[in-house]
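[1] Kindly generate the corresponding structure for this input.
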Amino acid sequence: MFGENLDIIALAEKEIKENENFLNSIKDTDLRKSIAGKLADERLEMAGKSLSENWKKLFRTILIKVIEFILYSYLEQGQKISLAEGFLLFHKSPVWMEKARNFLYQSELLNSRAPVIAEALYAHELGKYNLSVPVLSIQLWGIMKEVFSKPKVMKMESNLFPDRGTHMKITGLCINIPIKSKIKYIDDTFSEILKSIEEFNCKKRAGILSGEDTKYGTLENSSELVMFLHVVLLGLGME
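    A predicted model of the protein is given here:
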């Protein structure tokens, strides 16, 4: 899920090998972003047909952010972080956590869930994965139900000219579209992505919520769900 233990720093050094001072080079924000974009594109090209085009677009955004995080960590702390470690650490970083929480409260679709999801993110941040995993899993499921709730067709009757004392009625059908499904950003592309997240999440959720699985509280499982949440937030407009 989180990629191989790829040495991102070594790959980045090759990209700017003509520059003798690597640290000075990656201090340049634009250059750092450019390197991250190029390395992300290389990873996605290697993935080939294992990812759909719709997934690639959102996953590219996440990959760039993770690679930038890895480069910045090396710049600030001299710490080499692999791609797999970068995914885990980035999704616990204070900067990402704050951005995610802020967007949750601003989102028309998610603001009612914001307090619950924010607490789950806080548990993830503290390493309390037995708490973060089931809550995030349930909330992702809830989001799917809201987004994909089907319109209801209902029979309606109404009186014509009630002020004239008539009893003439008109009968018709009314389509009641759930308010969440009306939101303009839930397009076909994003719907496909949400469905694939739910299919993946559903396989694990049954064991967790039934109590059969007692070893679910791991960094990897929690980070996986946080990353899925990240995909949802990006799809809803978070930058």
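[2] Which residues lie in contact with Val116 in this structure?
    Val135, Gln139 (C-beta atoms under 8 Å, 6 or more residues apart in numbering). (C-beta placed from N, C-alpha, C; glycine too.)
[3] Please identify the helix or strand for it.
    Val116 belongs to helix 114-126 when elements are defined using DSSP states H and E.
[4] mind listing what's buried in that helix?
    Ala114, Ile117, Ala118, Ala120, Leu121, Ala123, His124, Glu125 (16 or more other C-beta atoms under 10 Å).
[5] Dump the residues you listed into JSON lines; add pLDDT and distance to Val231 as well.
    JSON lines is the format used below for the buried residues of helix 114-126 (pLDDT from 0 to 100; distance: C-beta to C-beta, whole Å):
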{"residue": "Ala114", "pLDDT": "95", "distance to Val231": "17"}
{"residue": "Ile117", "pLDDT": "97", "distance to Val231": "14"}
{"residue": "Ala118", "pLDDT": "96", "distance to Val231": "18"}
{"residue": "Ala120", "pLDDT": "97", "distance to Val231": "16"}
{"residue": "Leu121", "pLDDT": "97", "distance to Val231": "15"}
{"residue": "Ala123", "pLDDT": "97", "distance to Val231": "20"}
{"residue": "His124", "pLDDT": "97", "distance to Val231": "16"}
{"residue": "Glu125", "pLDDT": "95", "distance to Val231": "19"}
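[6] Closest to Thr61 out of the residues you listed?
    Closest approach to Thr61 among the buried residues of helix 114-126 (C-beta to C-beta): Leu121, at 19.0 Å.
[7] quick check: longest helix of this structure.
    Longest helix in the chain, counting residues (DSSP state H): helix 53-77.
[8] Just give me how far it sits from the chain centre.
    How far helix 53-77 lies from its chain's middle: 14 Å, per C-alpha atoms, centre = their mean, to the nearest Å.
[9] picking that back up, next structured bit after the helix holding Val116?
    With elements assigned by DSSP H and E, the helix or strand that comes after helix 114-126 is helix 129-147.
[10] what is the rounded mean pLDDT of that following helix?
    Helix 129-147 shows a mean pLDDT of 89.
[11] and that helix with helix 114-126, angle?
    Taking axes from the mean of the first three to the mean of the last three C-alpha atoms, to 10 degrees, one finds that helix 129-147 is oriented at 150 degrees with respect to helix 114-126.
[12] Break down the chain into its strands, ranges please.
    Applying DSSP state E to the chain gives strands spanning 152-159, 169-176.
[13] Same question for the longest helix of the chain: list its buried residues.
    Neighbour counts over helix 53-77 (16+ other C-beta under 10 Å) mark 54-56, 58-75 as buried.
[14] which residues are in contact with that helix?
    By C-beta under 8 Å, 6+ apart, helix 53-77 touches 8-9, 12, 23, 26-27, 32-33, 35-37, 39-41, 43-44, 47, 51, 79-81, 83, 86-87, 89-90, 93, 96, 189, 192-193, 196, 227, 230-231, 234-235.
[15] any idea which of the buried residues of helix 114-126 is closest to Ile143?
    Among the buried residues of helix 114-126, Ile117 lies closest to Ile143 (C-beta to C-beta), at 9.3 Å.
[16] Run through the residues that contact the closest one.
    Residues in contact with Ile117 (C-beta under 8 Å, 6+ apart) are Leu104, Leu110, Val135, Leu136, Gln139, Leu229.
[17] Not counting its neighbours along the chain, what's nearest the second one?
    To tie it back to what came earlier, the one meant is Leu110. Among residues not flanking Leu110 along the chain, Leu104 sits closest, at 5.2 Å (C-beta to C-beta, 6 or more residues apart in numbering).
[18] correct me, but that neighbour touches Ser112?
    No. Counting by C-beta atoms under 8 Å, Ser112 is not a contact partner of Leu104; they are 9.9 Å apart.
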